[in-house]
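Visitor: got a predicted structure here, sequence first:
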Amino acid sequence: MATTNILSILKFFASKQKSGVVDFGEFCAYLKKYSEHHLEELPSLSCYIEDTVKSLLPELEKLISARQVAITELANEKKMINVVPYFVDKFAERYKDIEATPNLPFPTIADLPKITPKTIVTTDSADSILYKFLDNQELNDRTLYGLILPNDEPIIILPSNVEVKGLVENSLAKVQYMLKKEGYHDYFLKKLTGTNPGKELTAKNFFNRFVDRPDHAIEILSQSSEDFYLWHQLCYFIKQDYKKVKDYTQEDISTIQAIMITEIAANYFKSRAMDKSKRDTALKTLDQLLNKPPYYFTYDDITTFVDSKGQPLLSQYSEQDLKDWLHEKSTGGDAHSLPDLLIFKMEDEKKYFIFKSKILQLVIRLCTEAREVVRRTITDHWYIVLKNFGSLPEMHDQQAFEARLQQEVREQSPVLYSLLTASFLPLLTYEKFGDEDADKVTLFANGELIPYSELLLMNRHEILTDSKIKLPFWYTLPVISWIAKMMLKQPKRRRNIKPKTSAQQYHEKESKESLENMETNAMISKNSNISRKIQLKEAARSAEKNLVSEKSTLDRELESYEHIWNKKLGESRTNLTEDVNVLIRDYMRTVLRTMSPSGFTIERIRSLSSTLTKTPALMKIGELDALERYIQLYIIKLVKNLPTYSQLESLK
């Protein structure tokens, strides 16, 4: 026999007896008759026909462990069964009566029968129970909750099939019932308006809105975030007034309990409103950070965002809030437009988030950045081939040249390549999303991406000419060049080796220098000043990995961001850049005197750059997002170039 079936039979028997406390012997007799009557329907009841007591006791033990029943032994050795579900339903009826008649008292633990043990009530502080169930509550008939109130007020019983929200509504109704009385209404209204000079009308409107709208009391309490101070004042005045009463009536006690419940609920809704405001502010900050350079971020990057005070945003909203926000931003929009936040995937399956309003701006920046690198790489490669008297298809065929450019972009600027091949990019050409460059740049023609040579503003003939210019003059003399070709031409296998990209060469050099620094640091650990500088340089290299892609270099990133914030031309441009660099160097010279290597983290770099960006001199420049990113990279460059080796030579 299942435990739940015995409990149902117990509850039914208790309802017939109209009591939550039933005699053990009488129930055994009833269970035996019930089993005989329903044996054909439920053959499992046969065990209760032969030996009812022996079969029933194990089931009752399970119910006692689950706190669904309690056994009480009277002085005459008579056993009584206390049925919790019966009490749950009984007290739930009381709450329905209170809803109709607010002046009825709340059920308290004293309303249980004297022989019923108080342990069947699950007691906890009222604020704990309200905070636990106000947002999410599962209704059932299994538990009697006891709400412990301050000042030793009687413990209120709340059955688990009554919503905590209903308890709050009943409490508000009791307060409204009291405030509608002639003697109380004007008295408390005068106290509330008198303690809010200059805001008398606001206080009066709050008071009247609450008293005159009983059907919307819970909405007024939960949604009026600006009125929480008035709620606390009103509750305080009522409690203070009741403290003067010497002999409490049952109605007075019920009103005091209602005030305490109201105050707890007001604190809860105030806390929730503050959390919501904090979460909304953090999400707005997240929106702003996603609109800052470099404009594209992985999910892991987003989880590390901090606000202007250096506090992690993820501590101000939950990870689920973040996922919901990203999902909403990346799936919104109507049938004729893309969502505000788009996702593109790299070849290594890494996903990035980017606002669609920043895509064209980023593509232009990355094309400008990639142009110099790709041109230099191809020019150097063609020079090597021509120097060995070789030739490549892309030197003479435009289609092969376009394929070479595409491959170079794929290797040198993977983010640009992923954006250009993203499925959403063609759709953006049909949208007007307010970018100032939208009418100046065209990425598609006749439904197809324009050639890479146009994107990068590169000409095959110019590159070939530049490569030939670098050759010695005698390469242009037919006879001499033919003789040299026969004597100096390298094997084909060696000529076809593709040179490493500038980014690969840069990172290999960085790895080599990092290893040398570690070895040098071990050798000179006794000289704390030099050791500290080497450790700072390694900390700078570690920070660089967070800000510079493996496919790029530090100088390339600096130049890219400089093009964004420095709009001047010619000598004025050079002077402005140098002025900014001098300001950064002077600032860092002071900071580095006291900074420990362990303190030179990416968070510290961001804090320093934010402080510098907010100085009056730099605020006038504009493009502060790009400028701040430039400052971060320049700080890393400064620390990486600390003069340690010259000091080592002086020690020798």
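Guide: That came in fine, so what should we check first?

Visitor: for stretch 204-215, list the C-alpha coordinates in PDB.
Guide: Output in PDB follows, covering the C-alpha atoms of stretch 204-215 (Å, rounded to 0.1, in the frame of the first residue of the first chain):
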ATOM      1  CA  LYS A 204      -1.700  62.400   0.900                       C
ATOM      2  CA  ASN A 205      -2.000  60.900  -2.500                       C
ATOM      3  CA  PHE A 206      -0.200  57.800  -1.400                       C
ATOM      4  CA  PHE A 207      -2.300  57.400   1.700                       C
ATOM      5  CA  ASN A 208      -5.600  57.900  -0.100                       C
ATOM      6  CA  ARG A 209      -4.600  55.600  -3.000                       C
ATOM      7  CA  PHE A 210      -3.900  52.800  -0.500                       C
ATOM      8  CA  VAL A 211      -6.900  53.300   1.700                       C
ATOM      9  CA  ASP A 212      -9.400  53.800  -1.200                       C
ATOM     10  CA  ARG A 213      -8.300  51.000  -3.500                       C
ATOM     11  CA  PRO A 214      -8.500  47.700  -1.600                       C
ATOM     12  CA  ASP A 215      -8.500  45.600  -4.800                       C
END
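
Visitor: how far is stretch 171-182 from where the chain is centred?
Guide: Chain-centre distance of stretch 171-182: 42 Å, with C-alpha atoms, centre = their mean, to the nearest Å.

Visitor: meant to ask about stretch 125-141, not that
Guide: 26 Å.

Visitor: P154 is in contact with I253, correct?
Guide: Yes: assessed by C-beta atoms under 8 Å, I253 is found in contact with P154 at 6.5 Å. Using the backbone N, CA and C atoms, a C-beta is placed for each residue, glycine as well.

Visitor: look at those two and report which has more neighbours.
Guide: More crowded of I253 and P154, by other C-beta atoms under 10 Å: P154, with 21 against 16.

Visitor: and the residue lying closest to the more buried one once chain neighbours are set aside, what does it touch?
Guide: Spatial nearest neighbour of P154, chain neighbours left out: T108 (4.1 Å); criterion: C-beta to C-beta, 6 or more residues apart in numbering. Neighbouring residues of T108 by C-beta atoms under 8 Å, 6 or more residues apart in numbering: P154, I155, I156, I157.

Visitor: for the residues you listed, which one is nearest I463?
Guide: Closest approach between those and I463, by C-beta to C-beta: I156, at 84.9 Å.

Visitor: next, give phi and psi for the closest one.
Guide: phi -80, psi 130 (degrees, to the nearest 10).

Visitor: again, but for K470
Guide: The phi/psi pair for K470 (degrees, to the nearest 10) is phi -70, psi -10.

Visitor: just give me the neighbour total for it.
Guide: K470, neighbours per other C-beta under 10 Å, totals 14.

Visitor: separation between it and N388?
Guide: For K470, the distance to N388 (C-beta to C-beta, to the nearest Å) stands at 13 Å.

Visitor: kindly report the same for K79.
Guide: K79 is 105 Å from N388, by C-beta to C-beta.

Visitor: tell me the first helix or strand C-terminal of the host helix or strand of D380.
Guide: Taking DSSP states H and E as the definition, D380 sits inside helix 359-387. Helices and strands here follow DSSP H and E; after helix 359-387, the next one along the chain is helix 398-412.

Visitor: the following helix or strand past that following helix packs against which elements?
Guide: Remark: after helix 398-412, the chain's next helix or strand is helix 414-420, criterion DSSP H and E. With contacts defined as 3 or more C-beta pairs under 8 Å, 6 or more residues apart in numbering; DSSP states H and E, the packing partners of helix 414-420 are strand 341-345, helix 359-387, helix 398-412.

Visitor: list the buried ones in the last one?
Guide: Of the residues in helix 398-412, those buried under the neighbour-count criterion (16 or more other C-beta atoms under 10 Å) are F401, E402, R404, L405, Q406, E408, V409, R410, E411, Q412.

Visitor: run a quick check on the second one versus P451, I expect a contact.
Guide: It stands for E402. Yes: contact criterion C-beta under 8 Å: E402 and P451 qualify, at 5.3 Å.

Visitor: give me the residues contacting stretch 43-51.
Guide: Contacts for stretch 43-51 (C-beta under 8 Å, 6+ apart): M1, L31, K32, Y34, S35, E36, H38, L39, S55, L56.
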